[in-house]
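1. Sequence first, then the predicted structure:
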Amino acid sequence: MTILVTGATGTVGRHVVEQLIQKGQKVRALTRNPLQANLPNEVEVVAGDLSDPSTLVSALVGISGMHLITTGAEYTPLQTGPEIVELAEKAGVRRVTLLWNGEKGPFERAIEASSLEWTQLQAFEFMANARKWANSIRSVGVVRDMFGGSRIASVHEADIGRVAAVALTEEGHSGKIYTLTGPESLSVPDKVRIISEVIGREIQFIESSEEEEREQMRRMGVQEDAIDYVISWHLNPPKTAYKVLSTVEEVTGHKPYTFAEWVKENAGFFISDVS
């Protein structure tokens, strides 16, 4: 059984690849830049772009399972979902996991209407999003964010990878929509406090304006429509975004990682002089 992981060099995709390897699976990784993939040697890396389904034809040969994402370059929603689903069906793909943001569109509807054994994975926020504060923490010991009062039960990307690997390799997950959270609901000041405690440096939190937040996301390469969506969502998040769920443990048998554990793993992002 060979499983194709799209977005394989991304924040979540690398964890999906890692978890599948740990389960003894053969993995084919799809990326726009194979020479820069930096994936384990046992992974077969192939070139492809989800925004151009024709590039997936050869990548799908011999594939029985597939991990899909719903966004393309620069965080823009993919418009090619129905074509990708059709290609997967024709190639004989059996199981699919789809990582989505909770806004059901053509991609999700195409998956649900297909013959594929699909599992949708919904994560409201990745713990890795805290890396957007890294430069400011390193340089001046400050976090500027406009969402100080917003609480979210963000999830470690490795936990998403673990759930995806289970859904792709085990029975009983077809037709399920899994909302994935970490074990705690945290505000931005909570996260800043935890980062401060882990790296041993005092960090100041300053609530920024909407325009400052927009400019920060623009520097990250986020498109304007995506910026509008993120700001609107954070200003009025659904209740499920800050409700802690037991899904990760129920599916994988392991407790989800805490934000403090994520920071310990990624402390180098926030420390100016890493030995």
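-> It's in. Values in this document were obtained by computation on a predicted structure and should not be read as measured data.
2. what's in contact with stretch 106-114?
-> 68, 70, 77-79, 81-82, 84-86, 88-89, 96, 98, 100, 118, 120 (Cβ atoms under 8 Å, 6 or more residues apart in numbering). From N, CA and C alone the C-beta is placed, and that goes for glycine too.
3. rerun at 7 Å
-> For stretch 106-114, contacts defined as Cβ atoms under 7 Å, 6 or more residues apart in numbering pick out 70, 78, 81-82, 85, 89, 96, 98, 100, 118, 120.
4. Got a quick ChimeraX command for the buried subset of those residues?
-> Selection command for ChimeraX covering only the buried members of the contacts of stretch 106-114, criterion 16 or more other Cβ atoms under 10 Å:
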select :70,78,81,82,85,96,98,100,118,120
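5. list the contacts for Glu42?
-> Per Cβ under 7 Å, 6+ apart, neighbours of Glu42: Ile21.
6. Can you tell me the SS state at it?
-> Three-state call for Glu42 (DSSP: H, G, I helix; E, B strand; the rest coil): coil.
7. Tell me how far it lies from Val17.
-> Using Cβ to Cβ, to the nearest Å, Glu42 is found at 10 Å from Val17.
8. Throw the contacts of stretch 106-114 into a markdown table and include pLDDT, distance to Lys23 and secondary structure, thanks.
-> Listed next are the contacts of stretch 106-114 as a markdown table, based on pLDDT from 0 to 100; distance: Cβ to Cβ, whole Å; DSSP: H, G, I helix; E, B strand; the rest coil:
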| residue | pLDDT | distance to Lys23 | secondary structure |
| --- | --- | --- | --- |
| Thr70 | 90 | 24 | coil |
| Leu78 | 86 | 27 | coil |
| Gly81 | 94 | 27 | helix |
| Pro82 | 95 | 30 | helix |
| Val85 | 97 | 25 | helix |
| Glu89 | 98 | 25 | helix |
| Val96 | 98 | 17 | strand |
| Leu98 | 97 | 19 | strand |
| Trp100 | 85 | 23 | strand |
| Trp118 | 98 | 19 | strand |
| Gln120 | 96 | 20 | strand |
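9. I appreciate the help and will end here.
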